[in-house]
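Novice: Following is a predicted model, sequence given first.
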Amino acid sequence: MRTTICLSLALMALPASVLAADLRFVGTAKPVNGGETLYQETHRVTGNCEQGVFTPVEHSVVYTRGNGDEFATKNLSYTQSALRPTVEFRQPDFSEVIKITNQNEETLRVFWQSPSGSTDTSLLEITPSLVADAGFDNLVRQNWVRVIQNGQSVGFDMVAPTRGESYGFTLEPTSDDRIDARHLVRIRPSSTLMRFVVDPILLGYNADGLLTHYLGLTNIRKNEDTNHTAHIRYALEATPDCAMTP
């Protein structure tokens with residue numbers, strides 16, 4: 001009874017415009033051209049409904065094979081930036097570790113332990129357009145009106161942790177018969193030269209601004225030299241009681 005009373009008092013103390021909320025979904029990754037499931041990823045995002053819009057705080061991802069065995073994990077924190085989360089990714093089968101840390105408001109620290117066992121640490125200058133890891137999903141939602149409703153493009157810089165650098169990309173609306181989604185956007189390199197070596201990533205969203213499809217290069221290794229390119233379809237398990245887009 002005492003615990004219940006304390007919890008009730010704590011909830012009463014929260015501002016009316018801020019309420020805790022959860023987003024949970026599961027992604028099933030398959031080869032782009034079809035075939036057996038490569039792996040599954042289970043996502044849980046905890047956050048708040050602030051002024052009627054969901055704001056992510058913590059995000060965990062567990063990667064499993066078809067037999068249910070866990071083979072990789074990722075944890076993200078958006079407390080410092082929705083576009084530039086702190087990240088810790090581990091893929092023990094390949095001894096790979098990636099850590100992205102906001103050292104302060106000016107510097108981003110990127111650590112990579114490669115499958116060979118070597119390590120590399122880089123410091124990147126933080127700019128308003130810098131995006132890291134799953135921050136791309138929040139980038140889409142923050143620019144929902146501009147990209148989805150108005151059909152415009154948005155330029156940004158994406159952190160490439162295994163390169164220790166960031167590269168220019170463009171977010172824009174597109175269409176593709178391979179993805180059955182209410183809204184479809186593309187992330188492609190801004191540089192013409194980069195487009196010859198880096199394929200675009202396609203993202204599908206439903207009407208509420210929730211990710212339903214991902215088609216492109218993933219962070220999961222196929223072997224020591226290459227990562228899987230996959231079509232990931234997401235099934236929603238729980239959604240916040242507030243809007244996902246401004």
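Specialist: Received, thanks. Residues are numbered from 1 along each chain as shown.
Novice: Without its sequence neighbours, what residue ends up closest to residue 145?
Specialist: Of all residues not flanking residue 145 in the chain, residue 246 sits nearest, at 7.3 Å (Cβ to Cβ, 6 or more residues apart in numbering). C-betas here are computed from N, CA, C, even on glycine.
Novice: Does the one you found touch residue 142 like I think?
Specialist: Yes: look at residue 246 against residue 142 with Cβ atoms under 8 Å: they come within range, at 7.0 Å.
Novice: okay, the two: which has more neighbours?
Specialist: Between residue 246 and residue 142, residue 142 has the larger neighbour count (other Cβ atoms under 10 Å), namely 16 against 12.
Novice: How much space separates the more buried one from residue 24?
Specialist: Separation of residue 142 from residue 24 (Cβ to Cβ, to the nearest Å): 21 Å.
Novice: and if you look at residue 100?
Specialist: Between residue 100 and residue 24 the computed distance is 23 Å (Cβ to Cβ).
Novice: Have a look at the two and say which one is more surrounded.
Specialist: For residue 100 and residue 24, the more surrounded residue by other Cβ under 10 Å is residue 100, and the numbers stand at 22 against 14.
Novice: distance between whichever strand or helix holds the more buried one and the chain's centre?
Specialist: Per DSSP states H and E, residue 100 falls inside strand 96-102. The chain centre lies 14 Å from the centre of strand 96-102; the measure is Cα atoms, centre = their mean, to the nearest Å.
Novice: ok, and what's touching the helix or strand following it?
Specialist: Next in sequence after strand 96-102, counting helices and strands by DSSP H and E, comes strand 107-113. If you take Cβ atoms under 8 Å, 6 or more residues apart in numbering as the criterion, strand 107-113 is touched by 84, 95-103, 119-126, 130, 132, 159, 161-162, 164.
Novice: Sheet partners, orientation included, of strand 107-113?
Specialist: Here strand 107-113 has these sheet partners by DSSP bridges: strand 96-102 (antiparallel), strand 119-125 (antiparallel).
Novice: List the contacts of the spatially most central residue of the chain.
Specialist: For the chain, residue 134 is the residue whose C-alpha lies nearest the centre (Cα atoms, centre = their mean; 1.9 Å). By Cβ under 8 Å, 6+ apart, the contact list for residue 134 reads 59, 76, 85, 87.
Novice: go with 6 Å
Specialist: By Cβ atoms under 6 Å, 6 or more residues apart in numbering, the contact list for residue 134 reads residue 76.
Novice: Could you do residue 172 as well?
Specialist: By Cβ under 6 Å, 6+ apart, the neighbours of residue 172 are 153, 186.
Novice: Please repeat the previous calculation with a cut-off of 7 Å.
Specialist: 147, 153, 185, 186 (Cβ atoms under 7 Å, 6 or more residues apart in numbering).
Novice: Where is the longest strand in this structure?
Specialist: Longest strand in the chain, counting residues (DSSP state E): strand 18-31.
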